[in-house]
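J.: could you work out the structure for the sequence below:
(chains A and B)
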Amino acid sequence: MIKTQGQSVLDRAQQGNQPTDEELIARFQNGDAYAFDLLVHRYKDPLLNFIYRFLSDLVESEDIVQETFYRVYKNKHYYKEVAKFSTWIYTIAGNLAKTELRRRKRRKVFSIHKETAAEKELELPDLKSDPEKEVNTIVTEKIIQKAITSLPQKFRQVIVLRDIQGFSYEEISSIIKVPLGTVKSRVNRARLKLQADLSFLLEDLESVSS
Amino acid sequence: MGDSDRMKNYISDYLENSLDPSTHKEFEDALKRSPELRSMSDRMAILSTRLNNLKYRKCSDEFSLKLRKRIHTSSEPLISRQNMVRYSFAASFVIILVIATFTITNLSSESPDTTPALQGSSESPVNNTNPVSSPVSGNDANTFVNDGEVNINTKSNQRAISDSTSSKTQPEKKKDKPPIKYVDQKE
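T.: Sure thing, here's the model as predicted:
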């Protein structure tokens, strides 16, 4: 059974007596600025991971997350409780990421991965642990990230939402506004494509696991 | 489409255990028959696990601070716009006040008591202490007495009244107006 990481992060955030996202946005709509801070705290990292898998640039991704929250702040009254708050905010973030990708295309920037200083710093291996393992992990992740980025946008979006963010098919359908069957089909095709692109890596991982 | 190709579409659903029982059975039969399908299914499971365990990125420590600054900055132009409106109102008020003061000053400077033509007239306390006994313009007639009735208006007031009545018909030609002669009053 496939488990997802992103969902567990959101679930953890909403455990206990903590208010739901919908309660928080309602409070924020009524002028409670602290509720907005809680939403920022809850969503900033999941959104960063979502955007990062699209853009492969941490600094730009963080800027887009900033822009997402800024839009939520400015347009708080546009949110109606017919949809989940997470669906709404991920739709905003996804649209901003797509806009950024289109802008990049116009600029004819073909570099798939632009490594920034901040990113290099974040990826420095912890030398106290096994350096070889750390380096392998980093290399593997870079290869996977590159493969994700080279996927067609419609596949990339669904696989990130499903396998990295951990959304249900129904939620993905709401976020990207395509029918449920199409989402399922796209996820499967994206996985097959990714699998084909990463065959050399998966063979190694397969041999290690077996 | 071959059976193997059709079954490829079900790999995700099989791994997520969301196939209906009959398709699930059909898929497992296909797995036994096709090593390629088996391999694909295994690799997809590994891939999904690997994707799920990708390094979790975190926003920088200054993220919230930056966001607050951004929100604050974006609200500044609105405040300055409001201030601009206030300042414009204040400026217009001052301008109107200045114009009004200027107009009032001009009007008062045109008042009869201060017109140069009347300077040195009988009302002047310096030149004439007894206006009745010394009429203006060299005429001996008492301008305060008309047909046996005493006109208590001073000469300047009389002129002002005369001006105001004539200005209704000819308001713009003050300079061309001939000087008033008081000599005809007795006649």
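J.: in chain A, which spans are helices?
T.: A:5-13, A:21-29, A:33-55, A:58-74, A:85-106, A:117-122, A:131-149, A:153-159, A:169-176, A:180-197, A:199-209 (DSSP state H).
J.: which residues does residue B:7 contact?
T.: B:26, B:27, B:30, B:34, B:37 (Cβ atoms under 8 Å, 6 or more residues apart in numbering or on different chains). Heads up, the C-betas are built off the backbone N, CA and C, glycines and all.
J.: kindly state the pLDDT recorded for it?
T.: At residue B:7, the pLDDT value in this model is 87.
J.: can you count the residues close to the residue nearest to it when sequence neighbours are not counted?
T.: Among residues not flanking residue B:7 along the chain, residue B:30 sits closest, at 4.4 Å (Cβ to Cβ, 6 or more residues apart in numbering or on different chains). Counted with other Cβ atoms under 10 Å in any protein chain shown, residues neighbouring residue B:30 total 19.
J.: check the one 3 residues further on too.
T.: When neighbours are counted by other Cβ under 10 Å, residue B:33 registers 13.
J.: residue A:59 too?
T.: Residue A:59 has 14 nearby residues by other Cβ under 10 Å.
J.: SS state for the residue nearest to residue B:7?
T.: helix (DSSP: H, G, I helix; E, B strand; the rest coil).
J.: model confidence for it, exactly?
T.: So residue B:30 comes in at 92 (pLDDT).
J.: you'd agree it is up against residue B:38?
T.: No: with contact defined as Cβ atoms under 8 Å, residue B:30 and residue B:38 do not form a contacting pair (9.0 Å).
J.: list residues touching both of the two?
T.: Between them, residue B:30 and residue B:38 share no contacting residue, judged by Cβ under 8 Å, 6+ apart.
J.: pLDDT below threshold where in chain A?
T.: A:1-16, A:108-131, A:133-134, A:205-210 (pLDDT under 70).
J.: tell me, what residue is most central in chain A?
T.: residue A:50 (1.1 Å; Cα atoms, centre = their mean).
J.: give me the neighbour count for the closest residue to residue A:157 other than its chain neighbours.
T.: Spatially, and ignoring its direct neighbours in sequence, residue A:157 is nearest to residue A:176 (5.9 Å; Cβ to Cβ, 6+ apart). Residues within reach of residue A:176, counting by other Cβ under 10 Å, total 19.
J.: what of the one 4 residues further on?
T.: A total of 13 residues lie near residue A:180 under the criterion other Cβ under 10 Å.
J.: for the nearest residue to it once chain neighbours are set aside, give me its contacts.
T.: Among residues not flanking residue A:180 along the chain, residue A:173 sits closest, at 4.7 Å (Cβ to Cβ, 6+ apart). By Cβ under 8 Å, 6+ apart, the contact set of residue A:173 is A:179, A:180, A:182, A:183.
J.: go again with 10 Å.
T.: Applying Cβ atoms under 10 Å, 6 or more residues apart in numbering or on different chains to residue A:173 gives the contacts A:87, A:158, A:167, A:179, A:180, A:181, A:182, A:183, A:184.
J.: find the pair from those residues with maximum spatial separation.
T.: A:87 and A:181 (18.5 Å; Cβ to Cβ).
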